[in-house]
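J.: Provided below are the primary sequence and the corresponding predicted coordinates.
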Amino acid sequence: MRIFKDAKARFTEGRERGNIDIGAILMMGIGMVFLAVGFIMFPIVTTSTNTLLAWTCTANITFTDANFTGFTPIIGITPLLVLVGYLSAAVFAMFLGVKMMRGGTAGTKLDLGALLMLGISMIFIAIGLIILPVVLDAICPLVTGAAQLSATNYQGLIPILLVTPLLVLISFVASAVVSGFFGLKRLGGG
């Protein structure tokens, strides 16, 4: 009888039963969601950026997206940045999930605030792409002189207005990256 108890003790030694790390499973699930959302958003972002690249000012037909400082190249690379960003977030979340499973983190928190930060990171990209045509249409009449109060009357205002769409795009993409990073970091127990 003692032989069986020793064999059973050796067989079950080092095993834990009944312990499931929900946080690790959640992190790996979030990684899969980021992967799916990245591929779902890619055609949407591509369509939005194609629309922005084909934009022309209604007040002045010759004024296009190329007239704004640095705007066209950044818009052209935005779909790639969004896809790579979501894929990176997916890999990072999966890595954190595996690390949690192995016991590499001190503790796991299922934090609603962190989940909201992850959701907000996705919303920032959408809002940025939705607001950009509005920004372009608002700036065009000021720069071309089609508005009653033209920016040509003010010293140094036109260069600032020409770089504004680029700054708006960069700020929304940077906000998405920062909120997503801190959301993942908070979920990872960091």
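T.: Perfect, thanks for sending it. Numbers count the residues shown, from 1 in each chain.
J.: show me the contacts for Ile139.
T.: 68, 161-162, 164-165 (C-beta atoms under 8 Å, 6 or more residues apart in numbering). The C-beta positions use only the backbone N, C-alpha and C, and glycine is treated the same way.
J.: Most neighbours out of the residues you listed, which is it?
T.: The residue in the contacts of Ile139 with the most neighbours, by other C-beta atoms under 10 Å, is Pro165 (25 neighbours).
J.: thought that residue was touching Phe71?
T.: Yes. Using C-beta atoms under 8 Å, Pro165 is in contact with Phe71, at 5.0 Å.
J.: What count of nearby residues applies to Ser179?
T.: 19.
J.: now swap in Met101 and tell me
T.: So Met101, with other C-beta under 10 Å, has 16 neighbours.
J.: residues contacting it?
T.: Counting by C-beta under 8 Å, 6+ apart, Met101 has contacts 21, 24.
J.: how close does it get to Leu112?
T.: 22 Å (C-beta to C-beta, to the nearest Å).
J.: so how far is stretch 114-126 off the chain centroid?
T.: 7 Å (C-alpha atoms, centre = their mean, to the nearest Å).
J.: Is Thr58 in a helix, a strand, or coil?
T.: The three-state label given to Thr58 by DSSP: H, G, I helix; E, B strand; the rest coil is coil.
J.: actually Gly119, sorry about that
T.: Quick answer, by three-state DSSP: Gly119 is helix.
J.: How many neighbouring residues does it have?
T.: 12.
J.: and of the contacts of Ile139, the nearest to Leu53?
T.: Phe68 (11.4 Å; C-beta to C-beta).
J.: And that closest one, its phi and psi?
T.: Backbone torsions of Phe68, given as degrees, to the nearest 10, read phi -80, psi 140.
J.: Let me see the ranges of the strands in the protein.
T.: Here the chain has no strands by DSSP state E.
J.: what residue ranges in it are flagged as low confidence?
T.: 1-20, 104-110, 146-152, 188-190 (pLDDT under 70).
J.: what about 80?
T.: Residues of the chain meeting the criterion pLDDT under 80: 1-24, 59-61, 100-115, 118, 144-155, 184-190.
J.: Show me where it has its helices.
T.: 2-12, 22-53, 71-101, 112-144, 157-187 (DSSP state H).
J.: Among those helices, which comes closest to Ala59?
T.: Short answer: helix 112-144, nearest of the helices of the chain by C-beta to C-beta, at 4.5 Å.
J.: residues near the residue nearest to Val82 when sequence neighbours are not counted, how many?
T.: Among residues not flanking Val82 along the chain, Val45 sits closest, at 4.9 Å (C-beta to C-beta, 6 or more residues apart in numbering). Residues lying near Val45 (other C-beta under 10 Å) number 20.
J.: any idea how far Thr62 is from Val45?
T.: In terms of C-beta to C-beta, Val45 sits 28 Å off from Thr62.
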